[in-house]
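Asks: Structure, please.
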Amino acid sequence: MNRPIKDQILEWICIGAQVPYQSLDLLQTQSKIIQQAIYQMKKEMLIQVVGTGSNKELRLYLKRKSSNEDTYKVIDYIQSTLGKEYIEYYIDITSNHSFHGHIADTKRVMRGAEAIQMLSRAGVVVLPWEKKNLSKKDDEQDIGDPPSYYTTKQLNALKRAPANKTSADDAKKNFTRMYGLLMSKGGAYCVYNLDTGVLQWSENGEINSRNWIAKVLRKHWDMPAYMKVDRRTMEISCTPDAIYFIRNNETALKILKRINPLAKERAAEQGAKPKDKKQNTLTVYNKTHYVPISEAGIFQLWLITQEDYQERLKKSFKEDNRYPRYNRFDASTNDDTKKVITWFDGDLNRLSYINELMKTTEFSFIVECLPHQESLLNDYLCKTFLLVVFTEEQVIARLNYEEQVNEQQNIKEQEGVTDAQLRE
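Replies: So this is what the prediction gives:
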């Protein structure tokens, strides 16, 4: 049973600091109920709504009940309903309810709050007191089951004591667009929420951050056994994949095409010949997952945290038709004329590769996807292909295909029933 919507909102603010108004549909209830709750909470002086348009946000209403009292109404409610650890964490991440005046800083905090809510809804542990602590020592941890998310602030606490001078690498890390690190049995992922901020991408800063995260993973991440097959896969798994939380397909297409329109405009203004400036958003990581900020995106996040999900999805294909692990294709048809790509995880790097391959090969392609991915595939891929759309329920059934087959086989062996009887 879901908790009251009031408590969901207050919890989100406590762990996200500034909750974007435009993302309230990520709460697990109807829009009408959310609006009613917001109205009532404002009336009870628990929250306040600040800003306008895309900058509109929710904050705690930290105003005294009277001039003679030292407590706050919203703090009393949170401590009695959610727990004192929530308000303690909120005070810490907001530096005692202080906020940045610059709009860019405010937007970054709100995008971080979106990421936290998405991950929480996908079954990832985001509350600091419910997950394992990161350690500065070399003792290996076993973080990853259950999936756990650590913000960049929590990761930065692993750095050595600050010296008099900041190193060049640390200076570059300060400009990373990364919001945190997700460790799971399905993989380790650097989490981004670019929104429309692709233009501010800095390759050097992100590469330095990626290398630093790889060191963190070697000490803390319980790498799944299937990633330890040989030295090659070991090296691949130590470099995390990336998740991009993107608001619309247009931004996803901009990343795929890696074109900077702002550079073209500036060149034209200066009288120079406009040239497309390549954005290297797909070269920093070996995988880059496109995850929309929506219910569909929450399902995607859940999927990629499941152990060995890509190989498990392939089990429904005939064994002779399956491609081995880490291949760009998942399977082929019986006559080997069509290549099958299972694209439920939304890997943009893989899609970019397939698009280039379509220009030079005579093969035909079958692409399996979720409903919300259909428009992006049709807009980007350059060659006609067969699109097969799966519902979330069908993907879950595919994921558990081998278990279901084994279960049916066990029933047959134990009870001696025929296939016809089993179907009945």
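Asks: Just give me the residue closest to the centre of the protein.
Replies: Centrality entry for the chain: nearest residue to the mean C-alpha point is residue 243, 4.5 Å, by C-alpha atoms, centre = their mean.
Asks: per-residue confidence for that one?
Replies: Residue 243 is assigned a pLDDT of 94 by the prediction.
Asks: does it count as helix, strand or coil?
Replies: Recorded secondary structure, residue 243: strand (DSSP: H, G, I helix; E, B strand; the rest coil).
Asks: these two touch, right, it and residue 289?
Replies: Yes: contact between residue 243 and residue 289 holds when scored by C-beta atoms under 8 Å: they sit 4.8 Å apart. Quick note: C-beta positions are derived from backbone N, CA and C, even for glycine.
Asks: before we move on, which element is the closest residue in space to residue 196 that isn't next to it in sequence in?
Replies: Nearest residue to residue 196, sequence neighbours excluded (C-beta to C-beta, 6 or more residues apart in numbering): residue 251, at 5.7 Å. If you go by DSSP states H and E, residue 251 is part of helix 249-257.
Asks: Which strands or helices does that helix pack on?
Replies: Under the contact criterion of 3 or more C-beta pairs under 8 Å, 6 or more residues apart in numbering; DSSP states H and E, helix 249-257 touches strand 241-246, strand 288-292, helix 348-358, helix 374-380.
Asks: if I look at the residue nearest to the centre of the chain, how far off is residue 191?
Replies: 5 Å (C-beta to C-beta, to the nearest Å).
Asks: which residues are in contact with both of those two?
Replies: Shared contacts of residue 243 and residue 191 (C-beta atoms under 8 Å, 6 or more residues apart in numbering): residue 182.
Asks: so the helix holding residue 251 versus strand 288-292, what angle?
Replies: Counting by axes from the mean of the first three to the mean of the last three C-alpha atoms, to 10 degrees, helix 249-257 lies at 170 degrees to strand 288-292.
Asks: Now helix 249-257: average pLDDT?
Replies: Confidence for helix 249-257, expressed as mean pLDDT, is 87.
Asks: who's in contact with that helix?
Replies: The contact list for helix 249-257, computed with C-beta under 8 Å, 6+ apart, reads 194-196, 198, 244, 246, 261, 279, 281-282, 288, 290, 348, 351-352, 355, 375-376, 379-380.
Asks: Now, of these, which are buried?
Replies: The neighbour-count criterion (16 or more other C-beta atoms under 10 Å) marks 194-195, 198, 244, 246, 279, 281-282, 288, 290, 348, 351-352, 355, 376, 380 among the contacts of helix 249-257 as buried.
Asks: Where does the prediction get shaky in the stretch 1-150 of the chain?
Replies: For the stretch 1-150 of the chain, applying pLDDT under 70 flags the ranges 1, 63-71, 137-141.
Asks: Return the member of the buried ones among the contacts of helix 249-257 nearest to residue 16.
Replies: Closest to residue 16 out of the buried ones among the contacts of helix 249-257 is residue 195 (15.4 Å), distances taken as C-beta to C-beta.
Asks: Need the max-distance pair from the buried ones among the contacts of helix 249-257.
Replies: Greatest spacing in the buried ones among the contacts of helix 249-257, by C-beta to C-beta: 195 and 355 (23.9 Å).
Asks: returning to that earlier point: JSON lines for the helices and strands packed on helix 249-257, including distance to residue 120?
Replies: Output for the helices and strands packed on helix 249-257, formatted as JSON lines (distance: least, C-beta to C-beta, whole Å):
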{"stretch": "strand 241-246", "distance to residue 120": "13"}
{"stretch": "strand 288-292", "distance to residue 120": "14"}
{"stretch": "helix 348-358", "distance to residue 120": "24"}
{"stretch": "helix 374-380", "distance to residue 120": "25"}
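Asks: how about those, which one is nearest residue 33?
Replies: Among the helices and strands packed on helix 249-257, the nearest to residue 33 by C-beta to C-beta is strand 288-292 (22.8 Å).
Asks: gap between residue 221 and residue 128?
Replies: Distance, residue 221 to residue 128, by C-beta to C-beta: 18 Å.
Asks: Compare the two and say which is more crowded by neighbours.
Replies: Using other C-beta atoms under 10 Å as the criterion, residue 221 and residue 128 rank with residue 221 on top: 25 against 16.
Asks: would you list every one of the strands in the stretch 1-150 of the chain?
Replies: Using DSSP state E, counting those that start in this stretch, the strands found in the stretch 1-150 of the chain span residues 19-20, 47-50, 57-60, 148-151.
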